[in-house]
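K.L.:
need a structure here:
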Amino acid sequence: MVLLTMLAVHRVTRLVVADEFPPVRAPREAIQDWFGEYDSRGNLVGGRRLGGFGRSVAYLVTCPWCMSVWVGGGIVWAVDHWHGLPVPFLVWAAASSFTGWAAAVEAAADQQHDLREHQLEEKGLR
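P.N.:
Below you'll find the model as predicted:
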């Protein structure tokens with residue numbers, strides 16, 4: 001049950017922060033447009049400046065580490081409420097940590113894939 005909970009936290013977090021599924025992408029983009037958009041260095045580059053709260057919300061919907069804490073809390077609560085979990089707080093922490101680690105591994109794999117594609121284009125193989 002714990003492993004399934006961790007995988008569910010990872011999948012729902014990815015759905016919220018990265019997937020292109022239109023019913024999820026549209027609200028995420030609206031939040032980013034309303035509260036602000038960030039460049040790769042984390043600097044506010046657009047949107048409405050609503051202070052620290054607005055910047056925090058805009059950052060939250062793009063950060064898998066941050067969002068996994070909230071998603072993990074909800075999923076762990078639901079699983080514990082309906083099925084019971086041993087030490088729910090530790091499962092919550094483990095699920096959030098696993099999600100952050102998995103997101104980092106996924107980002108590294110994406111960068112490696114993009115680099116390989118660029119190398120193939122330079123050699124004229126694509």
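K.L.:
mind listing what's buried along the helix or strand A108 falls within?
P.N.:
In the assignment (DSSP states H and E), A108 maps to helix 88-122. Of all the residues in helix 88-122, those buried under the rule 16 or more other C-beta atoms under 10 Å are 88, 91-92, 94-100, 102-103. Quick note: C-beta positions are derived from backbone N, CA and C, even for glycine.
K.L.:
for A18, state which of those is nearest.
P.N.:
The closest of the buried residues of helix 88-122 to A18 turns out to be A103 (C-beta to C-beta; 8.2 Å).
K.L.:
not counting residues beside it along the chain, what's closest to that closest one?
P.N.:
The shortest distance from A103 to any non-neighbouring residue, by C-beta to C-beta, 6 or more residues apart in numbering, is to P64 (3.7 Å).
K.L.:
how far away is the one you found from L125?
P.N.:
Taking C-beta to C-beta, to the nearest Å as the measure, P64 falls 33 Å from L125.
K.L.:
who's more crowded, those two?
P.N.:
Higher neighbour count among P64 and L125: P64, with 22 against 8, using other C-beta atoms under 10 Å.
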